[in-house]
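K.L.:
from the sequence below, what's the structure:
(one chain, ligands or ions: 1)
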Amino acid sequence: MTEHTQLIDAINIRTSVRAYDKDPIDDDTARQLTMTIDAVNTLADTHLQLVLNQPKVFEAANASGHLTNAANYIALVEPKDDPEARERAGFYAERVVLAATLRGLGTLWVGGSWDREEAARHCRIGRGEEAYLCVVIGYPEHHLSYQAKSYDELTAFQRSHRPTKTFAQFTAGMTDEERAAAPAWFTAGVEAAMKAPSAMNRQPITFTYNAADDTAAAHIDPAEDYRETLNDLGIAKLHFQIGAGSGEWAWGDGGLFIHKQ
Ligand SMILES: Cc1cc2nc3c(=O)[nH]c(=O)nc-3n(C[C@H](O)[C@H](O)[C@H](O)COP(=O)(O)O)c2cc1C
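P.N.:
Now for the predicted structure:
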């Protein structure tokens, strides 16, 4: 894995991890994670918070076997009723997920498999805010053998471990001719978004390319309207941006992506 240190490499190997080793996250790794989270919070005005060694938050999911040894989490503390903050939290928390992936940590976005009230007790939550989602984080079960796997083994597993909508479904607003004529950066962006986590694996975001002004746009599929769609929009936009190489999104459903050469 040592030569694969880019965010696109993290996208290519990341999968949700539901079974963890019991070992606590070591101090050095926890410090690095905290530094990444602090930098993100300062830049992005998010309130991500790392909470270590609180297995009670996942007691029911650990007991049922849905999760194993889940104990640490990054809480997404967000203002209530602020759609843009929800999307931003998705975008930037996934950025932390990818950094953690490169350090050999496993992650799982969680909307339902946690005790939100118990989790909130360990967070700083300001007036008008709530702990909306969290990301479980820790060493994947049997992590020494996991970390010994080659990059190619990990990417092969990533590609085959779950069903995915097709490229055509991800670009449902485009014709075959438009798909064939779209630039390579757009195709690479969509392919990276296809590897993004989404609640219930619903993959609710589609992308279009507009040749007239050389922009891309991200859309929430109108058929998909669940609690986490805006977080999923932010996550998918981050993956697209990394896949496309460079460029920037405007927030929002229908927001445009300007590619930079
Ligand atoms: C916002 C969000 C909420 C999620 N909530 C849960 C959850 O409560 N329980 C769970 O087991 N997985 C949850 N997931 C994980 C998804 O099921 C998973 O990302 C999806 O199946 C795709 O698989 P992958 O992450 O391995 O690519 C959630 C994912 C996202 C993005």
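K.L.:
going by C-alpha atoms from here, please, whenever you check contacts or count neighbours.
P.N.:
Noted.
K.L.:
for the stretch 151-261 of the chain, what spans make up the helices?
P.N.:
151-160, 167-170, 176-181, 184-194, 229-244 (DSSP state H, counting those that start in this stretch).
K.L.:
deepest of these, which one?
P.N.:
Greatest average neighbour count among the helices of the stretch 151-261 of the chain goes to helix 229-244 (a mean of 26), per mean count of other Cα atoms under 10 Å.
K.L.:
ok, and the closest non-adjacent residue to residue 91?
P.N.:
With sequence-adjacent residues excluded and distances taken as Cα to Cα, 6 or more residues apart in numbering, residue 91 is closest to residue 234, at 4.1 Å.
K.L.:
which positions in the stretch 51-200 of the chain make contact with the ligand?
P.N.:
Counting by Cα under 6 Å from any ligand atom, the residues of the stretch 51-200 of the chain close to the ligand are 108-113, 195-200.
K.L.:
of those residues, closest to residue 218?
P.N.:
Distance ranking of those against residue 218, using Cα to Cα, places residue 196 first at 13.9 Å.
K.L.:
contact partners for the residue nearest to residue 91?
P.N.:
Neighbour list for residue 234: 86-92 [criterion: Cα atoms under 8 Å, 6 or more residues apart in numbering].
K.L.:
and if we set it to 7 Å?
P.N.:
87-88, 90-91 (Cα atoms under 7 Å, 6 or more residues apart in numbering).
K.L.:
now the buried members of those residues.
P.N.:
Applying 16 or more other Cα atoms under 10 Å to the contacts of residue 234, the neighbour count classes 87-88, 90-91 as buried.
K.L.:
please narrow those residues to those residing in helices.
P.N.:
Members of the buried ones among the contacts of residue 234 lying in helices (criterion: DSSP state H): 87-88, 90-91.
K.L.:
and stretch 5-15, does that touch the ligand?
P.N.:
Yes - using Cα under 6 Å from any ligand atom, stretch 5-15 reaches the ligand at residue 15.
K.L.:
and residue 261, what pLDDT?
P.N.:
We have a pLDDT of 79 for residue 261.
K.L.:
just give the nearest non-adjacent residue to it, would you?
P.N.:
Nearest to residue 261 is residue 246, by Cα to Cα, 6+ apart, at 7.2 Å.
K.L.:
how near is that neighbour to residue 240?
P.N.:
10 Å (Cα to Cα, to the nearest Å).
K.L.:
quick check: longest strand of the protein.
P.N.:
Counting residues, the longest strand found in the chain (DSSP state E) is strand 129-138.
K.L.:
related to what we said a few turns ago, in TSV: the helices of the stretch 151-261 of the chain, plus mean pLDDT.
P.N.:
Shown next, in TSV, are these (pLDDT from 0 to 100):
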stretch	mean pLDDT
helix 151-160	96
helix 167-170	98
helix 176-181	98
helix 184-194	98
helix 229-244	98
